[in-house]
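Asks: Predicted coordinates and the sequence they were generated for:
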Amino acid sequence: MVDLVSIWWVWLAAALILGILEMVLPGFIFLGFAIGAALVGLALLGPLTLLSPAAIFLIFALLSLAAWLVLKKLFALPKGQVKTFEHDIND
């Protein structure tokens with residue numbers, strides 16, 4: 001039986017689904033996971049195929065966390081600032 005965890009296209013399909021979910025439910029919730037899944041999918045094209053499923057999930061978790069931290073750093077407001085809206089969209 002084929003282990004779905006070590007198939008590269010499954011991870012890329014998961015990344016695509018998570019990216020679509022991020023568009024439907026914005027807020028940088030799924031984008032870090034999508035980036036992590038895409039990176040694992042691309043890495044499975046190479047030497048990562050020989051690792052166990054637990055190691056692949058660990059790498060996915062670490063890459064997702066790193067992607068989320070980078071996204072938070074890039075898109076967060078400067079420290080101490082609060083997001084305010086001065087104009088209503090209905091005006």
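Replies: Ah, there it is.

Asks: what distance separates the longest helix along the chain from the centre of its chain?
Replies: The single longest helix within the chain, with elements called by DSSP state H, is helix 53-75. On the basis of C-alpha atoms, centre = their mean, to the nearest Å, helix 53-75 is displaced by 7 Å from the centre of the chain it belongs to.

Asks: So, low pLDDT: which residues of the chain?
Replies: 1-2, 91 (pLDDT under 70).

Asks: That one: helices as residue ranges?
Replies: Counting by DSSP H, the chain forms helices over residues 8-24, 31-43, 53-75, given from the N-terminal end onward.

Asks: Mind giving me the packing neighbours of the last one?
Replies: Helices and strands touching helix 53-75, as assessed by 3 or more C-beta pairs under 8 Å, 6 or more residues apart in numbering; DSSP states H and E, comprise helix 31-43. From N, CA and C alone the C-beta is placed, and that goes for glycine too.

Asks: Of all the residues in the helix it packs on, which ones are buried?
Replies: Applying a neighbour-count criterion of 16 or more other C-beta atoms under 10 Å, the buried positions in helix 31-43 are 31, 32, 33, 34, 35, 36, 37, 38, 39, 40, 41, 43.

Asks: One more: stretch 44-51?
Replies: When neighbours are counted by 16+ other C-beta under 10 Å, the buried residues of stretch 44-51 are found to be 44, 48, 51.

Asks: now swap in stretch 76-88 and tell me
Replies: When burial is assessed from 16+ other C-beta under 10 Å, stretch 76-88 yields no buried residues.

Asks: hmm, who's touching it?
Replies: Contacts to stretch 76-88, defined as C-beta atoms under 8 Å, 6 or more residues apart in numbering, come from no residue at all.

Asks: What is the end-to-end distance of that stretch?
Replies: From the first residue to the last, stretch 76-88 extends over 22 Å; the measure is C-alpha to C-alpha, to the nearest Å.

Asks: I'm done for today, thanks for sticking with me.
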